[in-house]
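Trainee: sequence unknown, structure follows:
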């Protein structure tokens, strides 16, 4: 009887809505959970005749669940202090992390990641997080995505000094024979450090001799360790007119290879880093690119998703870049549970890029996105759904009473 089937559709639809609300409330503390709501539509109508004016007389058959809609608005981003945690934020906040589940690519907003014993960045359920690889010391965003791996438990190889730059002023009024010294730290191929001494000697007439020396006994020979610097009337270096290349220490006592480096006398702007002005001589600072070996200590994540490993020697090294994905219609994504989604024909294929590009959000390190469930809204919806369920139930009990009265009339 339609008198019973119609309110039954209301009970079924209201049950679905109540289940959805309950699921939202149950996940109000789930990281990056996206709340859902239920939309209803009426069922087909049966035409039972026409009115005197020819208008159709139609009777509805009840209601049905038309859609379950997911709210993909960004939840609040909260700092956790855990370097493994990440959140997608920024102006747009758009995008999903990409994870590999066997041969299936899935997507998630949940950035509560962990590091596996092998150093892979994974979800809490063990799925590997995908990103761009580092090729030749730089991220290659044109390469296929690979699992992100950090060098857990490994050491960074030492690097010999290849470039040296000194910032100094040599007093133009200094007497001939005046010496100015400075200390610079250099590294050989084994990571051994040396406190090298750079000595400048005034020759007069705007010329200063220089000498670079390692501590006694550290090396048996060398090349291009001495020379002359010439300054013009404005105190600017004129000779050498270019950087000094091929400075070398040979026969290092620790068995390392020859230490060969360039002395960069000029900055990127073409200005010399050494001047001769009428002020106190001073070797103010220096930079060099060598370093000792170091143990892995952790990693940092930039807003663009670049992951850099940190070592005990103070050096950092890029190991990969988190990739993000987005779809034209997020509502069309298939919810897989575990905060995971898969693309469908309705969602369209995923477009992949680096954070902060192509409308994608940026990465916030040591933070997590909270659930976007609004408890006040859910409680309000719960009351409405409960009343709808009770109304359908009342219709059934009313029809039951009518049926009983009809049966009693027959008897």
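Mentor: Noted; the coordinates are in hand. This structure is a prediction, so every number in the text was calculated from the model and none was measured.

Trainee: and stretch 171-179, what's its mean pLDDT?
Mentor: Averaging pLDDT along stretch 171-179 gives 96.

Trainee: neighbouring contacts of it?
Mentor: Where contact means CB atoms under 8 Å, 6 or more residues apart in numbering, the residues beyond stretch 171-179 that reach it are 180, 199-204, 206, 231, 235, 276-281. All C-beta spots, glycine's among them, are computed from the backbone N, C-alpha and C.

Trainee: same check on stretch 119-126?
Mentor: 84, 99, 108, 110, 112-116, 128-129, 147-153, 307, 338.

Trainee: okay, and which of these map to strands?
Mentor: For the contacts of stretch 119-126, the ones inside strands are 99, 108, 114, 115, 128, 129, 147, 307, with DSSP state E as the criterion.

Trainee: who does the longest helix along the chain touch, helix- and strand-wise?
Mentor: Ranked by residue count, the top helix of the chain under DSSP state H comes out as helix 375-410. In this structure, helix 375-410 makes packing contacts with helix 2-26, judged by 3 or more CB pairs under 8 Å, 6 or more residues apart in numbering; DSSP states H and E.

Trainee: run the last query once more with 10 Å
Mentor: For helix 375-410, the elements it packs on are helix 2-26, strand 36-42, judged by 3 or more CB pairs under 10 Å, 6 or more residues apart in numbering; DSSP states H and E.

Trainee: list the buried residues in the shortest one.
Mentor: Same thing as strand 36-42. 36, 37, 38, 40 (16 or more other CB atoms under 10 Å).

Trainee: elements contacting that strand?
Mentor: Packing partners of strand 36-42 (3+ CB pairs under 10 Å, 6+ apart): helix 2-26, strand 63-70, helix 375-410.

Trainee: which among the ones you listed is found nearest to residue 247?
Mentor: strand 63-70 (63.7 Å; CB to CB).

Trainee: show me the shaky parts of the stretch 51-200 of the chain.
Mentor: Across the stretch 51-200 of the chain, residues meeting the criterion (pLDDT under 70) sit at 51-61.

Trainee: spatially central residue in this structure, please.
Mentor: residue 305 (2.6 Å; CA atoms, centre = their mean).

Trainee: re the thing from before, closest one of the buried residues of strand 36-42 to residue 94?
Mentor: Nearest member of the buried residues of strand 36-42 to residue 94, counting by CB to CB, is residue 36, at 19.1 Å.

Trainee: any low-confidence regions in the stretch 251-400 of the chain?
Mentor: For the stretch 251-400 of the chain, the ranges with pLDDT under 70 are 399-400.

Trainee: of the helices and strands packed on strand 36-42, which is nearest residue 90?
Mentor: Proximity to residue 90, assessed across the helices and strands packed on strand 36-42 by CB to CB, is greatest for strand 63-70 (20.8 Å).

Trainee: that closest one pairs with which strands?
Mentor: Paired neighbours of strand 63-70 in the sheet (DSSP bridges): strand 36-42 (antiparallel).

Trainee: let me know the angle separating the strand it pairs with from helix 2-26.
Mentor: Interaxial angle, strand 36-42 versus helix 2-26 (axes from the mean of the first three to the mean of the last three CA atoms, to 10 degrees): 170 degrees.

Trainee: contacts for strand 36-42?
Mentor: For strand 36-42, contacts defined as CB atoms under 10 Å, 6 or more residues apart in numbering pick out 9-10, 13-14, 16-21, 23-24, 27, 60-71, 335, 373, 377-378, 381, 385, 388.

Trainee: in PyMOL, how would I select just the buried ones from those residues?
Mentor: The buried residues among the contacts of strand 36-42 can be selected in PyMOL (16+ other CB under 10 Å) with this line:
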select buried, resi 9+10+13+14+16+17+18+20+21+24+27+62+63+65+70+71+373+378+381+385+388
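
Trainee: contact partners for residue 196?
Mentor: 161, 164, 182-186, 212-215, 218, 225, 249, 259, 286, 288 are the contacts of residue 196 under CB under 10 Å, 6+ apart.

Trainee: part of a strand, is it?
Mentor: Yes - applying DSSP: H, G, I helix; E, B strand; the rest coil, one finds residue 196 inside a strand.

Trainee: beta-bridge partners for it, please?
Mentor: residue 184.

Trainee: the residue nearest to residue 229 when sequence neighbours are not counted: neighbour count?
Mentor: Counting by CB to CB, 6 or more residues apart in numbering, residue 229 lies nearest to residue 208, which is 4.8 Å off, once chain neighbours are set aside. Applying other CB atoms under 10 Å, we find 26 residues neighbouring residue 208.

Trainee: so residue 283 sits against residue 210, correct?
Mentor: No - using CB atoms under 10 Å, residue 283 is not in contact with residue 210, being 11.3 Å away.

Trainee: find residues that contact each of the two.
Mentor: Here residue 283 and residue 210 have 166, 170, 180, 198, 200, 274 as joint contacts, going by CB under 10 Å, 6+ apart.

Trainee: so which of the residues you listed wins on neighbours?
Mentor: For those, neighbours tallied by other CB under 10 Å; top is residue 170, 26 neighbours.

Trainee: which ones are touching that one?
Mentor: 178, 180, 200-202, 206, 208, 210, 229, 231, 235, 237, 274-277, 279-283.

Trainee: check residue 314 too.
Mentor: Residue 314 neighbours (CB under 10 Å, 6+ apart): 291, 292, 294, 297.

Trainee: just send the buried residues of strand 36-42 back as TSV, with distance to residue 392 and pLDDT too.
Mentor: Listed next are these as TSV, based on distance: CB to CB, whole Å; pLDDT from 0 to 100:
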residue	distance to residue 392	pLDDT
36	22	92
37	19	92
38	15	90
40	12	81
